[in-house]
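Chemist: Sequence first, then the predicted structure, then my questions.
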Amino acid sequence: MTGFIERLKPAIPRKLLFGLAGTMWLGVGLMLTSMAFHWLYDYGGHAWIFGVTGFIAALTIHHFGFLRIVDRNLARINMLSEKPCAFSFISWKSYLLIIIMITLGITLRHTHIPRQYLSVIYLGIGLALFLSSIRYFRNLFLHS
């Protein structure tokens, strides 16, 4: 039975996990940043204030939050076998965190909070994800 389960495991070379994780972080970062920019464009007015605030939030979130997560993920990926499961680019606990963050994002979008204020959160997290994805891609190229 174990052999059958092993054959079903979507195994990929470990170095590709760096690219998979980087692509996920980059994609989500671009999606959130794009939403924030659309909201700021529609707002007009003094949108630059919200944009600058979001940019400062992004640098803070990236430096004090996401870099630690990325470094932990990179260390864990480096300890995996040469052909790990394709879904092991993040830990199982992180999958739970992702579900919570998606739920929170959907909930925030359906509140009556003005979009220009939400754009600060979305821009901060989106740009921080984008910046953090660079570290994954750097490791992909270092291991190639």
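Modeler: Sure, I can see it.

Chemist: Helix or strand for the spatially most central residue of the chain, just tell me which one.
Modeler: In the chain, the residue lying closest to the centroid (CA atoms, centre = their mean) is Trp25, at 3.1 Å. Trp25 is located in helix 14-43, with elements delineated by DSSP states H and E.

Chemist: Sketch out the low-pLDDT regions of this protein for me.
Modeler: Scanning the chain for pLDDT under 70 picks out the ranges 1-2, 5-6, 144.

Chemist: what ranges do the strands span in it?
Modeler: Using DSSP state E, the chain contains no strands.

Chemist: any chance you could map the helices in it?
Modeler: Taking DSSP state H as the criterion, the chain contains helices spanning 2-8, 14-43, 47-61, 67-79, 92-109, 115-142.

Chemist: Alpha carbons only: can I get the third one in PDB?
Modeler: Written as PDB, here are the backbone C-alpha positions of helix 47-61 (Å, rounded to 0.1, in the frame of the first residue of the first chain):
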ATOM      1  CA  ALA A  47      -4.700  58.800  -3.500                       C
ATOM      2  CA  TRP A  48      -1.000  59.300  -3.300                       C
ATOM      3  CA  ILE A  49      -1.200  59.600   0.600                       C
ATOM      4  CA  PHE A  50      -2.800  56.200   0.800                       C
ATOM      5  CA  GLY A  51      -0.200  54.800  -1.800                       C
ATOM      6  CA  VAL A  52       2.800  56.200   0.200                       C
ATOM      7  CA  THR A  53       1.300  54.800   3.400                       C
ATOM      8  CA  GLY A  54       0.800  51.400   1.800                       C
ATOM      9  CA  PHE A  55       4.400  51.500   0.500                       C
ATOM     10  CA  ILE A  56       5.800  52.200   4.000                       C
ATOM     11  CA  ALA A  57       3.600  49.400   5.400                       C
ATOM     12  CA  ALA A  58       5.000  47.100   2.700                       C
ATOM     13  CA  LEU A  59       8.600  47.800   3.600                       C
ATOM     14  CA  THR A  60       7.800  47.200   7.300                       C
ATOM     15  CA  ILE A  61       5.800  44.000   6.700                       C
END
